[in-house]
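**Q** kindly return the folded structure for what I paste below:
(one chain, ligands or ions: 1)
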Amino acid sequence: MKAELLYEGKAKQVYQAQGESGKLVLSYKNDATAFNGGKKDSFEGKGRLNNEISSLIFNELHAKGIETHFIERLNETEQLVTQTEIIPLEVVVRNIAAGSIPKRLGIEEKTPFEKPMIEFFYKNDELGDPLINDEHALYLSNVTEAEIKEIKELARKINTHLIDIFRSINISLVDFKLEFGRKSGGTIILADEVSPDTCRLWDRTTGENLDKDVFRKGTGDLIEVYEEILKRLEAKA
Ligand code: UDP
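**A** Numbers count the residues shown, from 1 in each chain. Predicted coordinates:
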């Protein structure tokens, strides 16, 4: 299924799909990084869990009419996706203040945002993924002003669907990061992954972190909490 390795990131490898032009194989790795690569570890089973979780979530988004690059899960750690040109923006959507925003803007942790807050970060490891504004995004990426608006609208729509999906498994969706890609025809669609690596997920009853924060903060067993997310999503499916 896989041909040439095109790219290796912190959490995934990207291969050209064998004999299928315009398609890629994403291979989820067991590596975990935090603080812009400052903290690193590897967890047996993480690649499988994120591949399975992300596949289930993409399928749910498809059912709700959201177009994504996801085609199918191939095996434990790999999925087939449509090839897109990734737009170098990390689009963060926040429903509740957590992570970097309380410190940056002096907002009290756990403050809910009445209107979900959207932030752009420039996807550039060397620069440490800096926070940027719309004008920077326009300058740094190959998008038009109308497309910036479209990306924000898509992110808000995806947020409402993800809130519903997670609420149905007793989880509060605090914040998450999306990446968008451009198909060969020009259309912008959701790409990358949606997993506990890229979302902050709090149990609605206990408040417990069920995401990569257990690794960032060293407060729990990453595999155990990712297993819990998968178990709840499978029970719902
Ligand atoms: N996030 C991500 N990749 C990044 C940075 C952030 O997936 O490179 C996600 C993170 O998991 C969280 C949300 O985006 O769900 C907001 O992250 P924040 O800016 O608070 O940064 P953090 O403190 O999580 O690094």
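
**Q** once you drop chain neighbours, what's closest to Ala191?
**A** Excluding the flanking residues, the one nearest Ala191 by C-beta to C-beta, 6 or more residues apart in numbering is Gly181, at 3.6 Å. In this view, the C-beta of every residue, glycine as well, is placed from N, C-alpha and C.

**Q** do any residues in whatever helix or strand the one you found lives in lie close to the ligand?
**A** Using DSSP states H and E, Gly181 falls within strand 171-182. Yes - with C-beta under 6 Å from any ligand atom as the criterion, the ligand is reached by strand 171-182 at 175-177.

**Q** list only buried entries from these.
**A** Among the residues of strand 171-182 next to the ligand, those buried by neighbour count (16 or more other C-beta atoms under 10 Å) are 175-177.

**Q** just those residues now: which is nearest the ligand?
**A** Nearest to the ligand among these, counting by C-beta to the nearest ligand atom, is Lys177 at 3.5 Å.

**Q** from Pro196, how far out is that closest one?
**A** Distance, Lys177 to Pro196, by C-beta to C-beta, to the nearest Å: 12 Å.

**Q** so what secondary structure elements neighbour the helix ranked longest in the chain?
**A** Longest helix in the chain, counting residues (DSSP state H): helix 145-167. In terms of contacts (3 or more C-beta pairs under 8 Å, 6 or more residues apart in numbering; DSSP states H and E), helix 145-167 is packed against helix 46-63, strand 89-96, strand 112-122, helix 134-140, strand 171-182, strand 188-191, strand 199-203.

**Q** what residues does the least confident helix or strand in the chain by mean pLDDT touch?
**A** Lowest on mean pLDDT, DSSP states H and E among the helices and strands of the chain sits strand 2-8, with a mean of 92. In this structure, residues lying in contact with strand 2-8 by C-beta atoms under 8 Å, 6 or more residues apart in numbering are 13-19, 24-25, 27, 78.

**Q** cool, and stretch 210-225?
**A** Here stretch 210-225 makes contact (C-beta under 8 Å, 6+ apart) with 32, 34-35, 39, 41, 43-46, 49, 99, 171, 196-203, 208-209, 228-229.

**Q** and the end-to-end length of that stretch?
**A** Stretch 210-225 has its terminal residues 5 Å apart, counting by C-alpha to C-alpha, to the nearest Å.
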